[in-house]
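Participant: sequence and predicted structure are below.
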Amino acid sequence: MSLDYQKLGFKCGLEIHQQLEGKKLFCNCPTLNLRDSKADIKFERKLRAVAGETGEIDAAAKHEMTKSKKFSYEADSKDCCLVEMDEEPPHEINKDAVDIAVQIALILKAKIVDEIQVMRKTVIDGSNVSGFQRTALVAYDGVLETSKGNVRIPTICLEEEAAQRINESKEHTTYRLDRLGIPLIEIGTSPDIKDAEHAKETAEKLGMILRSTEKVKRGLGTIRQDVNISISGKNRVEIKGFQEIRDMSKIIEKEVERQTKLKEKEAAHVRRVEQDGSTSFLRPMPGAARMYPETDVIPLKIDLSKIEQGVPELIDEKAKRYEQLGLSKDHAKDLAKSDKTDLFEKIAKEFSNIKPAFIYSTLLSLTKEIKRKNNVDTDKITDSQFIEIFKALNEEKISKNAVPEILADAALGKLDFKRYKTESSEDVEKEIEKIIKEKPGLNISAYMGLVMAKFRGKIDGSKAMEILKKHVK
């Protein structure tokens, strides 16, 4: 089914939730998603909704309260403290997390608030022990440039991640507290997204900006996207549960088709993504009634002078620089997204005799190949070992052909260049003359194979070929 999004009056906006590295937002506990350690803390709670700042109880909170559920919580005391258990007031807000959020806001050209004011958002599905989630506005009125026009960013918030559900029944849910309190940046867009593919592009670009800080968590569940959708004559629905951006277009298309087939107008609500890409009712749409001030956290003044100096270069901009150094577009993008960018740039700057393309292939491709072929852990090779190897290569103490074996040795904790010391051109030429005399009449490729087997990584292939061409016509 081909959809005419403009004719349908399609409106769409995103909410991106990304976990940050470091300590938790309101205590000094580590930021773990879920440990397999045995829980030595266990307790139970029942939660009820309270009126927000408007004096009303939020509709979504009322809906959860009707379930009358009991909640159990588990934790490892090495990872959690009394703050997660709601037995101690929150500590001051994590300043490092605030700095990261502000840097992201500056990239998105947003206006930074003068002071961080923490609010409480009523949440009584058990995912927050206290019955609310702490959240704070960091910036507003930002903008994201895309191929289909600007997408406005009205809010950038910093909030605490929820606990992780580990099992559930109709009457009872059990949560693990490792994840509770991880700093979470929330980026909300205006309904400026033109179609399903545009939503995917917007999500990918925001993800790229977040990863550019090198201070966000990576892996499944560390970033989540919620999509708000409506068409003419229909109320907005919020779809939760996007884990893979590649599925976003298909799920949006299915939701638009569902809305076009509705015979009666339905109330605004939240839906979850099912395994087949369809969506189902989750709960009523939450509103402003769930918000009220957090009186236990002191407001934080923002000092932009230091934060501005730490704004990172975007991954896309790095990739363009690497292309200018001679890397292909795909390799440049691959490198820019990796954790080897600092090492690559240091080696490329210090050792001018080595082509950047060879540095890239050694750091990212060759190490993977050696890991697979030699069954050694190349992740154990340190940055200083890589620098030693490239230094020896730059000074022509070893040849490129020796690099695979040297890397395999380095992965095993051995780094001895004596075994791979390059042979002089004079010695190589004498040996070539000897080989030709002993095996006359072979073609140049056959001689090349014999020469490389003889010197086994102790001479560069291009130099060997130069000498061969002098003796084989």
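Facilitator: Thanks, I have the structure now.
Participant: who does the lengthiest helix in the chain touch, helix- and strand-wise?
Facilitator: Determined from DSSP state H, the single longest helix within the chain is helix 196-212. The contact analysis (3 or more Cβ pairs under 8 Å, 6 or more residues apart in numbering; DSSP states H and E) places helix 196-212 against strand 11-19, helix 95-107, strand 132-146, strand 223-230, helix 248-260, helix 315-324. Heads up, the C-betas are built off the backbone N, CA and C, glycines and all.
Participant: can you give me the mean pLDDT across it?
Facilitator: The pLDDT scores in helix 196-212 average 96.
Participant: that helix: which residues count as buried?
Facilitator: Residues 196-203, 205-207, 209-212 are the ones in helix 196-212 that count as buried (16 or more other Cβ atoms under 10 Å).
Participant: just the angle for that helix relative to helix 95-107, thanks.
Facilitator: Per axes from the mean of the first three to the mean of the last three Cα atoms, to 10 degrees, the angle that helix 196-212 makes with helix 95-107 is 130 degrees.
Participant: in three-state terms, label the closest residue to residue 39 other than its chain neighbours for me.
Facilitator: Distances taken as Cβ to Cβ, 6 or more residues apart in numbering put residue 74 closest to residue 39, at 3.7 Å, once the chain neighbours are dropped. Here residue 74 is recorded as strand under DSSP: H, G, I helix; E, B strand; the rest coil.
Participant: per-residue confidence for residue 74?
Facilitator: Note on residue 74: pLDDT of 95.
Participant: give me every residue that touches it.
Facilitator: The neighbours of residue 74, taking Cβ atoms under 8 Å, 6 or more residues apart in numbering as the test, are 39, 41-42, 166, 174-177.
Participant: identify the farthest-apart pair in those.
Facilitator: 41 and 166 (14.0 Å; Cβ to Cβ).
Participant: how about stretch 345-352: buried residues?
Facilitator: Buried, per 16+ other Cβ under 10 Å, within stretch 345-352: 345, 347-348, 351.
Participant: could you check how far residue 66 is from residue 125?
Facilitator: Per Cβ to Cβ, to the nearest Å, residue 66 is found 12 Å from residue 125.
Participant: which of these two has more neighbours?
Facilitator: Taking other Cβ atoms under 10 Å, residue 66 and residue 125 do not tie; residue 125 has more neighbours (20 against 7).
Participant: relative to strand 132-146, how tilted is the longest helix of the chain?
Facilitator: With the same axes, to 10 degrees defining the directions, helix 196-212 sits at 110 degrees from strand 132-146.
Participant: got the angle between helix 196-212 and strand 11-19?
Facilitator: If you take the same axes, to 10 degrees, helix 196-212 sits at 20 degrees to strand 11-19.
Participant: I'd say residue 134 and residue 116 touch.
Facilitator: No - using Cβ atoms under 8 Å, residue 134 and residue 116 do not qualify as a contacting pair, with a distance of 11.1 Å.
Participant: between the two, which contacts overlap?
Facilitator: What both residue 134 and residue 116 touch, as defined by Cβ under 8 Å, 6+ apart, is an empty set.
Participant: paired strands for the helix or strand harbouring residue 173, with orientation please.
Facilitator: Residue 173 is part of strand 172-176 when elements are defined by DSSP states H and E. Strand pairing for strand 172-176, using DSSP bridges, gives strand 70-75 (parallel), strand 164-168 (antiparallel).
Participant: one step back: list of residues touching the longest helix of the chain?
Facilitator: 3, 5, 12, 14, 16, 18, 104, 107-108, 144, 146-148, 151, 185, 187, 189, 193, 216, 218, 223, 225, 227, 245-246, 248-250, 252-253, 256, 312-316, 337.
Participant: then it to CSV, C-alphas only?
Facilitator: Output in CSV follows, covering the C-alpha atoms of helix 196-212 (Å, rounded to 0.1, in the frame of the first residue of the first chain):
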residue,chain,number,x,y,z
ALA,A,196,8.3,7.1,7.7
GLU,A,197,11.8,7.2,6.1
HIS,A,198,12.3,10.8,7.4
ALA,A,199,11.6,9.5,10.9
LYS,A,200,14.3,6.9,10.4
GLU,A,201,16.8,9.5,9.1
THR,A,202,16.0,11.8,12.1
ALA,A,203,16.5,9.0,14.6
GLU,A,204,19.8,7.9,13.0
LYS,A,205,21.2,11.5,13.0
LEU,A,206,20.3,12.1,16.6
GLY,A,207,21.9,8.7,17.4
MET,A,208,25.1,9.8,15.6
ILE,A,209,25.2,13.1,17.6
LEU,A,210,24.8,11.2,20.9
ARG,A,211,27.6,8.7,20.0
SER,A,212,29.9,11.5,19.0
